[in-house]
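In: what follows is a protein structure lacking sequence information:
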């Protein structure tokens with residue numbers, strides 16, 4: 001489907017040649033192949049951050065550099081996390097990894113947010129001599145960076161579905177198909193545990209955060225990152241703000257996503273016994289041709305029916321919101337990335 005044909009209106013959900021095109025990809029949807037988000041040119045394309053983390057519990061059968069969990073099936077999880085307002089999680093009711101373009105959508109989010117995450121992981125000592133766990137690794141942009149540029153000794157990239165990770169496995173990078181919410185999730189101990197866009201999709205986020213703390217070596221760091229809404233609660237009700245409000249409601253009702261508590265991350269980590277707790281919010285620029293603009297267009301496209309079902313928007317308003325992004329007339333903030341970290345004593 002070309003941008004002009006997309007159900008969101010003139011802009012559609014895909015990037016156009018005048019809009020975001022992903023890392024070195026052609027901006028049109030036809031014949032697009034995903035390339036490394038680390039080297040995106042001035043215009044990005046359709047891919048998105050986040051990831052999906054859930055696993056199959058049981059014994060681990062290692063095949064090459066990829067580990068798979070056997071046994072008890074899968075829990076609801078998400079591309080990033082999991083959760084389930086309506087009994088189905090991320091990657092099941094929405095954002096199914098097997099659908100065309102999902103890897104590219106994930107990469108767009110990575111293009112928007114990776115620079116913030118990398119800077120924080122660097123500041124916390126990610127480098128030679130460290131063993132890392134990347135939860136909800138998605139297409140592996142952070143895991144690959146840890147294994148190559150950061151030069152960590154080992155990184156285990158965990159996701160519910162590892163199809164985007166497996167091509168990169170080898171050397172310092174291993175993969176594990178696993179559900180972080182499963183009682184048997186025990187991949188070992190690490191110096192750095194990172195989870196981005198995971199817990200916001202999990203109703204049991206506090207329990208999972210506590211479990212991740214247990215996976216830290218003494219002195220190790222837990223780094224959690226999730227979305228924070230900066231615009232939808234206040235007027236004016238622009239098309240963009242109404243579309244984002246409908247999206248968050250749709251995600252909550254379908255897969256259980258809840259970002260209302262993410263500003264409480266620092267207190268959560270403090271309550272879990274971590275020390276040297278810190279937090280920050282980073283907001284990518286929402287401009288014409290920006291990765292985050294393309295990401296939201298793709299995300300609205302994939303959640304379109306659920307957004308319309310909320311009654312907060314109609315097709316015409318969605319088209320207006322999309323046009324405001326592609327034309328550069330939007331004058332609002334994108335959701336930010338709230339990142340919190342703490343050290344195990």
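Out: Now that the structure is in, tell me what you want to look at. Everything numeric here is computed off the predicted structure, so don't read it as measured data. Residues are numbered from 1 along each chain as shown.

In: can you give me the helices in the stretch 51-200 of the chain?
Out: Using DSSP state H, counting those that start in this stretch, the helices of the stretch 51-200 of the chain run over 102-123, 141-147.

In: tell me the most buried of these?
Out: Highest mean neighbour count of the helices of the stretch 51-200 of the chain: helix 141-147, a mean of 26 (counted as mean count of other C-beta atoms under 10 Å). Bear in mind the C-beta positions are built from the backbone N, C-alpha and C, glycine included.

In: now do it: everything it contacts.
Out: 36-38, 107, 110, 114, 117-118, 121, 126, 132, 134, 137, 152, 155, 157, 165, 168, 171-173, 194, 196 (C-beta atoms under 8 Å, 6 or more residues apart in numbering).

In: give the buried subset of those as a ChimeraX selection command.
Out: In ChimeraX, this line selects whichever of the contacts of helix 141-147 come out buried by 16 or more other C-beta atoms under 10 Å:
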select :37,38,107,110,114,117,118,121,126,132,134,137,152,155,157,165,168,172,173,194,196
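
In: tell me which of the contacts of helix 141-147 fall in strands.
Out: Counting by DSSP state E, these place 132, 134, 155, 157, 173, 194, 196 in strands.

In: tabulate those residues (a markdown table), appending distance to residue 227.
Out: Compiled in a markdown table, those are given as follows (distance: C-beta to C-beta, whole Å):
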| residue | distance to residue 227 |
| --- | --- |
| 132 | 23 |
| 134 | 18 |
| 155 | 24 |
| 157 | 21 |
| 173 | 26 |
| 194 | 16 |
| 196 | 10 |
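
In: between those, which is nearest residue 327?
Out: Taking C-beta to C-beta as the measure, residue 327 sits nearest to residue 196 out of the ones in strands among the contacts of helix 141-147, at 29.9 Å.

In: so that closest one bridges to which residues?
Out: Beta-bridge pairing for residue 196 (DSSP bridges): residue 225.

In: picking up where we left off before, residue 278: which of the helices of the stretch 51-200 of the chain is closest?
Out: Nearest to residue 278 among those is helix 102-123; the distance by C-beta to C-beta comes to 9.0 Å.

In: what angle do the closest one and strand 131-135 make?
Out: Counting by axes from the mean of the first three to the mean of the last three C-alpha atoms, to 10 degrees, helix 102-123 lies at 140 degrees to strand 131-135.

In: so which other helices or strands are in contact with helix 102-123?
Out: helix 141-147, strand 190-196, strand 216-228, strand 275-282, helix 291-302, strand 336-343 (3 or more C-beta pairs under 8 Å, 6 or more residues apart in numbering; DSSP states H and E).

In: switch these over to a markdown table; also include mean pLDDT and distance to residue 255.
Out: Below are these laid out as a markdown table (pLDDT from 0 to 100; distance: least, C-beta to C-beta, whole Å):
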| stretch | mean pLDDT | distance to residue 255 |
| --- | --- | --- |
| helix 141-147 | 98 | 22 |
| strand 190-196 | 98 | 17 |
| strand 216-228 | 98 | 14 |
| strand 275-282 | 98 | 24 |
| helix 291-302 | 97 | 12 |
| strand 336-343 | 98 | 19 |
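
In: out of these, flag the one nearest residue 177.
Out: helix 141-147 (13.8 Å).

In: if I look at residue 261, how far off is residue 191?
Out: 27 Å (C-beta to C-beta, to the nearest Å).

In: list the buried ones in stretch 252-270?
Out: By 16+ other C-beta under 10 Å, the buried positions in stretch 252-270 come out as 252, 254-259, 262, 265-266, 268-269.

In: same check, this time on stretch 226-233
Out: Neighbour counts over stretch 226-233 (16+ other C-beta under 10 Å) mark 226-232 as buried.

In: in CSV, list the residues you listed along with distance to residue 147.
Out: Formatted as CSV, these follow (distance: C-beta to C-beta, whole Å):
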residue, distance to residue 147
226, 24
227, 26
228, 29
229, 33
230, 33
231, 36
232, 37
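
In: now, which of the residues you listed sits nearest residue 274?
Out: Using C-beta to C-beta, the buried residues of stretch 226-233 come closest to residue 274 at residue 226, 16.6 Å.

In: how about residue 242, secondary structure?
Out: Secondary structure, DSSP: H, G, I helix; E, B strand; the rest coil: residue 242 is helix.

In: can you get me a residue count around the closest residue to it other than its chain neighbours?
Out: Distances taken as C-beta to C-beta, 6 or more residues apart in numbering put residue 313 closest to residue 242, at 5.6 Å, once the chain neighbours are dropped. Residue 313 has 25 neighbouring residues, counting by other C-beta atoms under 10 Å.
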